[in-house]
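K.L.:
Pasting the sequence and the predicted model now:
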Amino acid sequence: MAPNMETTGTSTPLPLPKDLSDIFVPAMRVHRKSAFKSVMGDPTSAMINMAGGVPHPSTFPILQLQAKVTSPVSQPEGALSSNSTNLVLEKSRRSHSTESLDELLQYGGGCGIDSYCSFLKKYTQMVHSPRYTDWSVIASCGNTDAIGKAVSLFCEAGDSLLVEKWTFPGALSSLVAAKVHPVPVDMDGEGMDPDSLDRICTNWSGTKPLRAVYLVPTGQNPTGATMSLERRQRIYAIACKHNLAIIEDDPYYFLQFAPFSTSESLGDAAPSGGQQATSLVPSLLSLDTDGRVIRLDSFSKILAPNLRCGWITAPSYILDKLQILNESTILQPSGLAQGLISKLLNDTWGIEGWNQHLRNLRATYTYRRNVFVGMVDKHISSLVDYVVPSAGMFLWMKVSLGPEGASNPAAMPRLLETMKKCGVMMAPGAPFCSSSNGSPATADCYLRAAFALVDVDMFEPALKRLAQAIVAIREAAIYQPAVQVEKGIASPIPGKMAISS
């Protein structure tokens, strides 16, 4: 059984979640715990337990784990705090709130390490305040793994899943593997269009019903769109109307930005994390009174990707199903990774330190967004159309290839080749397109630029190179076998970051 959480902070008793098990796929309605666990039950401390194939912890060779971590303080973009502290996990002794290494390294159940989940339940309550009782969280190996498991509750081979027209390729790959058909929903500058969602559901004539919608509501990948509160309310109301589960994939939720500032965008000074007063848009989970939102969070964008740790929030009866899926696949994320995160958040940083770390991240990415958009406006505003993102890591650009290029399927592949010759790479739109019968020319007229990793002083040369490539395509005879790029067309990369030719 997934751990439960008592809801607090309200004088009015909260309702139980609605039972959505009638829209589970048939296999999930009868999915039970493993036969072994069903027979054995849960051993008590008085038992001499010789049932499991579990190694003795004395054989674990890791005696101590130490890590040096920063102490979050308000700081400029890109600067590491000069303050640091040591984080220590001991072999056989608990470290304040966090389990010993012997416990962290041993087999565990499908819910995750207790102290890890305990912090995340508490933090979810603080940030999202779910509006029903009997909910909880379990550990995941990040959102890509969680997406496949959440989808499998409501879709089996031959079923269809509502998705944004442009969406995360990892989710599309999961659907292909499961033989589930994506149903594209139109988008605008705020993400999924509620009128399109309602129209598709109302007019649906498929042989199998629509049961769920998958979306990325904040800093959407790839478009960078963020839903307003009003948009989220409309999406939720339509999901209730058509009895849909909502899979809320939200890895960029804590990377919401302050408003775009042109005065800051080209300046030298970066804002301090202490200056950030960004108000986070309420999540779909925070609006959910039915228990129909399965929320997926990840540490990949807010701590480090290869920790491979995240968490899922949902009604407990849904988490029971996901727990079984965990136990038949990953079991749970690495105990070392969970223990490191638990020790960091529970005992080292605490809630305030964690909040300051998130404020620093928002300051960093706000600054990066401002500089990048300022450079886009300076160098390629006549060549692309875009909406300034208010969250996430991406700028989504519709490329103007001229009247001939826009209707020629060969134009965008040639642009990509020309970009490589010019020394710049961005993601083309095609892999993000959820429509299986969409026009390649239409799908390929987009580029996704990620402003998260590249050093800020790389932005300008990257965009100059992109401008050169687009102009070369627009001005060339695009029906020729290849676009010729003269030697030296690429603008130089400053300083030590120069690449070989």
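P.N.:
Sure, I can see it. Since this is a predicted model, take the numbers as computed values, not measurements.

K.L.:
Going by C-alpha atoms from here, please, whenever you check contacts or count neighbours.
P.N.:
Noted.

K.L.:
Flag the shaky bits of the stretch 151-300 of the chain, pLDDT-wise.
P.N.:
Applying pLDDT under 70 to the stretch 151-300 of the chain flags residues 263-278.

K.L.:
And the strands in it?
P.N.:
All strands of the stretch 151-300 of the chain, identified by DSSP state E, counting those that start in this stretch, fall at 160-164, 181-185, 187-188, 191-192, 212-215, 245-249, 293-298.

K.L.:
Give the other helices and strands that the fifth one contacts.
P.N.:
Right, strand 212-215. Applying 3 or more C-alpha pairs under 8 Å, 6 or more residues apart in numbering; DSSP states H and E, we find strand 212-215 packed against strand 160-164, strand 245-249.

K.L.:
Next, the angle from the last one to strand 160-164.
P.N.:
For strand 245-249 and strand 160-164, the angle between their directions (axes from the mean of the first three to the mean of the last three C-alpha atoms, to 10 degrees) works out to 40 degrees.

K.L.:
Pull up the pairing partners for strand 245-249, direction included.
P.N.:
Strand 245-249 has the following strand partners under DSSP bridges: strand 212-215 (parallel), strand 293-298 (parallel).

K.L.:
Could you do the first one as well?
P.N.:
Strand 160-164 has the following sheet partners, assigned by DSSP bridges: strand 181-185 (parallel), strand 212-215 (parallel).

K.L.:
outside of the first one, which residues touch it?
P.N.:
Taking contacts as C-alpha atoms under 8 Å, 6 or more residues apart in numbering, the residues outside strand 181-185 that touch it are 158-166, 172, 175, 192-193, 196-197, 200, 434-435.

K.L.:
what about the helix or strand hosting Lys121, average pLDDT?
P.N.:
Per DSSP states H and E: Lys121 is located in helix 114-128. Helix 114-128 carries an average pLDDT of 98.

K.L.:
Other residues contacting that helix?
P.N.:
Residues from elsewhere that reach helix 114-128 (C-alpha under 8 Å, 6+ apart): 5, 7, 97-99, 111, 136-139, 282-283, 285-286, 311, 338-339, 341-342, 345-346, 351.

K.L.:
Swap in 6 Å and give it another go.
P.N.:
In this structure, residues lying in contact with helix 114-128 by C-alpha atoms under 6 Å, 6 or more residues apart in numbering are 98, 286, 342.

K.L.:
contacting residues for the spatially most central residue of the chain?
P.N.:
The centroid of the chain falls nearest to Pro251 when counting by C-alpha atoms, centre = their mean (2.7 Å). Counting by C-alpha under 6 Å, 6+ apart, Pro251 makes contact with 297-298.

K.L.:
measure it to Lys208 for me?
P.N.:
The spacing between Pro251 and Lys208, counted by C-alpha to C-alpha, to the nearest Å, is 30 Å.

K.L.:
dump the residue contacts of Leu395.
P.N.:
Neighbouring residues of Leu395 by C-alpha under 6 Å, 6+ apart: 448-449.

K.L.:
just to revisit the earlier point, wait, which of the strands paired with strand 245-249 is closest to Pro305?
P.N.:
Of all those, strand 293-298 sits nearest to Pro305, with 8.6 Å by C-alpha to C-alpha.

K.L.:
mind putting the contacts of helix 114-128 in a markdown table, distance to Ala427 included?
P.N.:
Formatted as a markdown table, the contacts of helix 114-128 follow (distance: C-alpha to C-alpha, whole Å):
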| residue | distance to Ala427 |
| --- | --- |
| Thr98 | 41 |
| Ser286 | 33 |
| Ser342 | 35 |
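
K.L.:
Which ones among the residues you listed map onto helices?
P.N.:
Under the assignment DSSP state H, the contacts of helix 114-128 contribute 286, 342 to helices.

K.L.:
Name the member of the contacts of helix 114-128 with the most neighbours.
P.N.:
Greatest neighbour count in the contacts of helix 114-128, by other C-alpha atoms under 10 Å, goes to Thr98: 26 neighbours.

K.L.:
Spit out the contact partners of that residue.
P.N.:
With C-alpha under 6 Å, 6+ apart, Thr98 has these contacts: 115, 343.

K.L.:
distance between the ends of stretch 54-70?
P.N.:
36 Å.

K.L.:
meant to ask about stretch 68-84
P.N.:
7 Å.

K.L.:
Then stretch 44-62?
P.N.:
28 Å.

K.L.:
do stretch 242-256 as well
P.N.:
End-to-end distance of stretch 242-256: 30 Å, with C-alpha to C-alpha as the criterion.

K.L.:
got the buried residues for it?
P.N.:
For stretch 242-256, burial by neighbour count (16 or more other C-alpha atoms under 10 Å) applies to 244-256.

K.L.:
What residues sit buried inside the longest helix along the chain?
P.N.:
Longest helix in the chain by number of residues (criterion: DSSP H): helix 350-379. Of all the residues in helix 350-379, those buried under the rule 16+ other C-alpha under 10 Å are 353-354, 356-377, 379.

K.L.:
How about stretch 181-199?
P.N.:
Of the residues in stretch 181-199, 181-187, 190-194, 197-198 count as buried by neighbour count, 16+ other C-alpha under 10 Å.

K.L.:
With distance to Glu460 added, can I get the helices and strands packed on strand 212-215 in CSV?
P.N.:
CSV is the format used below for the helices and strands packed on strand 212-215 (distance: least, C-alpha to C-alpha, whole Å):
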stretch, distance to Glu460
strand 160-164, 31
strand 245-249, 32
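
K.L.:
Quick one, which of those gets closest to Thr12.
P.N.:
That would be strand 245-249 among the helices and strands packed on strand 212-215, by C-alpha to C-alpha, at 25.5 Å.

K.L.:
okay, now Trp204: neighbour count?
P.N.:
Trp204: 12 neighbours (other C-alpha under 10 Å).

K.L.:
Tell me how far it lies from Phe432.
P.N.:
Using C-alpha to C-alpha, Trp204 is found at 24 Å from Phe432.

K.L.:
ditto for Arg308
P.N.:
Taken as C-alpha to C-alpha, the span from Arg308 to Phe432 is 23 Å.

K.L.:
And those two? Which one has more around it.
P.N.:
Neighbour count, other C-alpha under 10 Å: between Arg308 and Phe432, Phe432 has more, with 24 against 19.

K.L.:
If I look at that one, what pLDDT would I see?
P.N.:
Note for Phe432: predicted pLDDT of 95.
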